[in-house]
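*Asks:* need a 3D model of the following:
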Amino acid sequence: MGLRNVLFGKKKLAAPARDRLFALATAAVTLDTELGLRTAGAGAIVFKPLSAGDFVRAENDLQQVLDGVAADSGSKLERREDSFGYTWIIVRDADLEDQIAGVHAVAQGLEEQGFGAQLLAAVFRFDGGKHPVYWIYGYKRGTFWPFVPTGEGQERDNAEELELKAKLEPELPVESDLTRWFGVFDAPV
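*Replies:* Next comes the predicted model:
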């Protein structure tokens, strides 16, 4: 970073740290054996679309990647827009590793087209507890955090989230700044 950027507060955004996503596959053993949480059969990637022609072309290339992922893994893929204008690519597969591979392929396809900065998060749902548990992966910082909605409006179970953090921190790169633990209420997974 140059002196000009330091003086005027501009800095280059870091590239997404997408490779840490695979840590969730190894943490799944602890989630299952110690916490009784198993994949709900769906994971997703959420990104902010652009209306630019280049992004439309990148999305067309992305569709080819999605078709290839589905053919290779047998996963079912679907695309949704949410009420905030974000695009979700949902990977439905009973195997968590296939979900992670599908999400990673989408992220890689967007990055290769120069749209890595558009990646927001990957979301994986686990069932088996009192409430669904979501492990969210933030691409900008390359960290995970738990999200446990209670099902009552926009409320979450912070105590359970902190317990999950403590139990999975040895296996996952967990976000240390709790103010960055955003929730994904009404996630399509």
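*Asks:* tell me the contacts of the closest residue to residue 93 other than its chain neighbours?
*Replies:* Distance criterion C-beta to C-beta, 6 or more residues apart in numbering; nearest residue to residue 93, sequence neighbours excluded, is residue 75 at 4.0 Å. C-beta here means a position set from N, CA and C on the backbone, and glycine is covered the same way. Taking C-beta atoms under 8 Å, 6 or more residues apart in numbering, we find residue 75 in contact with 69, 91-93, 98-99, 102.
*Asks:* where does residue 75 fall, phi/psi-wise?
*Replies:* Torsion angles at residue 75 (phi, psi; degrees, to the nearest 10) stand at phi -70, psi 150.
*Asks:* what do you get for the one 3 residues further on?
*Replies:* Per-residue torsions, residue 78: phi -140, psi 160 (degrees, to the nearest 10).
*Asks:* one more: the one 3 residues further on?
*Replies:* Listed backbone geometry of residue 81 is phi -110, psi 140, with angles given as degrees, to the nearest 10.
*Asks:* and it, how far from residue 65?
*Replies:* From residue 81 over to residue 65 the distance is 19 Å, taken as C-beta to C-beta, to the nearest Å.
*Asks:* repeat that for residue 38.
*Replies:* Separation of residue 38 from residue 65 (C-beta to C-beta) stands at 27 Å.
*Asks:* swap in residue 111?
*Replies:* Note on residue 111: its distance to residue 65, by C-beta to C-beta, is 11 Å.
*Asks:* then residue 49?
*Replies:* Plainly put, residue 49 is 16 Å away from residue 65 if you go by C-beta to C-beta.
*Asks:* neighbour count: the two, which is higher?
*Replies:* Neighbour tally, residue 49 and residue 65, criterion other C-beta atoms under 10 Å: the higher count belongs to residue 65, 19 against 15.
*Asks:* quick check: the more buried one touching residue 110?
*Replies:* No. The pair residue 65 / residue 110 is not scored as a contact, 9.0 Å apart, by C-beta atoms under 8 Å.
*Asks:* could you pull out the strands for this protein?
*Replies:* Ranges of strands in the chain, per DSSP state E, are 38-47, 76-81, 87-92, 119-127, 133-138, 143-147.
*Asks:* dump those to CSV, plus distance to residue 183 and mean pLDDT.
*Replies:* Compiled in CSV, these are given as follows (distance: least, C-beta to C-beta, whole Å; pLDDT from 0 to 100):
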stretch, distance to residue 183, mean pLDDT
strand 38-47, 13, 96
strand 76-81, 18, 89
strand 87-92, 15, 92
strand 119-127, 10, 97
strand 133-138, 8, 97
strand 143-147, 5, 98
